[in-house]
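In: pasted the sequence and its predicted model underneath.
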Amino acid sequence: MIDACGLARTFTTGHGTVEAVRGVDLSVAPGEIVGFLGPNGAGKSTTLRMLTTLLAPTAGRARVAGHDLRADPAGVRRDIGYVAQGGGTDPSVPVGEELDLQARLHGVPDRARRVAELCGRLELAGLESRPSGSLSGGQRRRLDLALGLLHRPPLVFLDEPTSGLDPQSRGNLWDHVRAMRAEDGTTVFLTTHYLEEADALCDRLLIIDRGAIVAEGTPADLKRRVAGDVVTLELADAAGTARARAALAGHAGVREAAVAGRTVRLRVGDGERELAGLVRALDAAGAGLVSLNLSRPTLDDVFLTVTGRSLRDAA
Ligand SMILES: Nc1ncnc2c1ncn2[C@@H]1O[C@H](COP(=O)(O)OP(=O)(O)OP(=O)(O)O)[C@@H](O)[C@H]1O
């Protein structure tokens, strides 16, 4: 649904040249929900604006929703939905009127039925006569989503769809995005700052930093591949700790072991798979295991591993 190769954009400012996006390759398959994650200024919006034809690339090429970005930008625009960060509606216009107007602009056939259908699906029914400026944050974002979906685009771009929403409204919007994919097979490409959002909603993530993609994969794969799981062992005494350390030194699957007092912290690939073998090795060595804890890395650990910085600090 998206295939981009070497996409780049530089800006010339009074202070010199900014390489906002430095040759990004990415592909998104039909029906995927792909999250584009990165700290402030990483190049997310610039990439999104290029893929939605709002900004011309300085280099590279892309096919979006079956159309070449440079040769057929009108075709791209026809077949995508774009939900911008702040939305673009007039706050004084009633919800129903706004939807009807946009449906008319898009030439949506049988538009009254389509508007009613989307209002029903996105919990906007009953709000049609309210000016959009009077809606709550969550209702507002659902209206923005409805506006982006009116012409039934197979591909939708969402720019920070839940920015500023409370956790409950955020979860509600995720449900709607999932339903949109389940019911219509809509492909979704979204940018986000929220690690929880990336983790909960996206099938696959692209992590961008300083204009380049630094990691890519499903949330679970990324965590496993890039950061590994962590197994923390507590041993009964110093002798047991030494025996544990010796037993685990050559143990296949252990990538790294750090000892602090009677605690041994291991970095392993797939913790669940490794646990039984680890326990057997420790028992055989008579290490005197007191407790064992398996923790999964977070997406922030992934970012830290790839860039040496925390996404939260960097943001
Ligand atoms: N019109 C512009 N002129 C000059 N520099 C720009 C312009 N637009 C973006 N940039 C710069 O390009 C880089 C990438 O910006 P971009 O907005 O794409 O990042 P982002 O990842 O979307 O950040 P945020 O999360 O803050 O929205 C930044 O250094 C930004 O200052």
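Out: Thanks, I have the structure now. Numbers count the residues shown, from 1 in each chain.

In: next SSE downstream of the helix or strand harbouring G60?
Out: Mapping G60 onto the secondary structure by DSSP states H and E places it in strand 59-64. Stepping forward along the backbone from strand 59-64, the first helix or strand reached (DSSP H and E) is strand 67-68.

In: ok, and what's touching that following strand?
Out: 61-62, 73, 75-76, 79 (Cβ atoms under 8 Å, 6 or more residues apart in numbering). C-beta: built from backbone N, CA, C; applies to glycine.

In: next one: stretch 118-131
Out: Residues lying outside stretch 118-131 but in contact with it, judged by Cβ under 8 Å, 6+ apart, are 91-96, 99, 116, 135, 139, 142-143, 145-146, 149-150, 172, 176, 179, 183.

In: so how far does stretch 39-49 reach from one end to the other?
Out: Stretch 39-49 has an end-to-end distance of 17 Å (Cα to Cα, to the nearest Å).

In: is it anywhere near the ligand?
Out: Yes: Stretch 39-49 comes into contact with the ligand when judged by Cβ under 6 Å from any ligand atom, the residues involved being 40-46.

In: please apply the same query to stretch 17-25.
Out: Yes: counting by Cβ under 6 Å from any ligand atom, contacts between stretch 17-25 and the ligand involve 18, 20.

In: next, the buried residues of that stretch.
Out: Taking 16 or more other Cβ atoms under 10 Å as the neighbour-count basis, stretch 17-25 is seen to contain the buried residues 20-24.

In: which parts of the stretch 151-300 of the chain are strands?
Out: If DSSP state E, counting those that start in this stretch is used as the criterion, the strands of the stretch 151-300 of the chain fall at 155-159, 187-192, 204-209, 212-217, 229-235, 254-260, 263-268, 289-295.

In: which strands and helices sit next to the third one?
Out: Strand 204-209 makes packing contacts with strand 33-37, strand 212-217, helix 219-222, helix 299-307 when contacts are defined by 3 or more Cβ pairs under 8 Å, 6 or more residues apart in numbering; DSSP states H and E.

In: what angle do it and strand 33-37 make?
Out: For the pair strand 204-209 and strand 33-37, the angle between their directions (axes from the mean of the first three to the mean of the last three Cα atoms, to 10 degrees) equals 20 degrees.

In: could you give me the average pLDDT of stretch 136-156?
Out: The average pLDDT for stretch 136-156 rounds to 91.

In: may I have that stretch as CSV, with CA atoms only?
Out: What follows is stretch 136-156, C-alpha atoms only, in CSV (Å, rounded to 0.1, in the frame of the first residue of the first chain):
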residue,chain,number,x,y,z
SER,A,136,-15.0,17.1,23.9
GLY,A,137,-11.4,16.1,22.9
GLY,A,138,-12.4,12.5,22.2
GLN,A,139,-15.5,13.4,20.2
ARG,A,140,-13.5,15.9,18.2
ARG,A,141,-10.9,13.3,17.3
ARG,A,142,-13.6,10.9,16.2
LEU,A,143,-15.1,13.6,14.0
ASP,A,144,-11.7,14.2,12.4
LEU,A,145,-11.5,10.4,11.8
ALA,A,146,-15.0,10.4,10.2
LEU,A,147,-14.0,13.3,8.0
GLY,A,148,-10.9,11.3,6.8
LEU,A,149,-12.9,8.2,6.1
LEU,A,150,-15.9,9.7,4.2
HIS,A,151,-14.7,8.8,0.8
ARG,A,152,-13.8,5.2,1.9
PRO,A,153,-10.0,5.5,1.3
PRO,A,154,-8.1,2.2,1.5
LEU,A,155,-5.2,3.9,3.2
VAL,A,156,-5.5,6.4,6.1
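
In: chain center to that stretch, what's the gap?
Out: Taking Cα atoms, centre = their mean, to the nearest Å, one finds stretch 136-156 lying 18 Å from the centre of the chain it belongs to.

In: ditto for stretch 21-40
Out: For stretch 21-40, the separation from the chain centroid amounts to 8 Å (computed by Cα atoms, centre = their mean).
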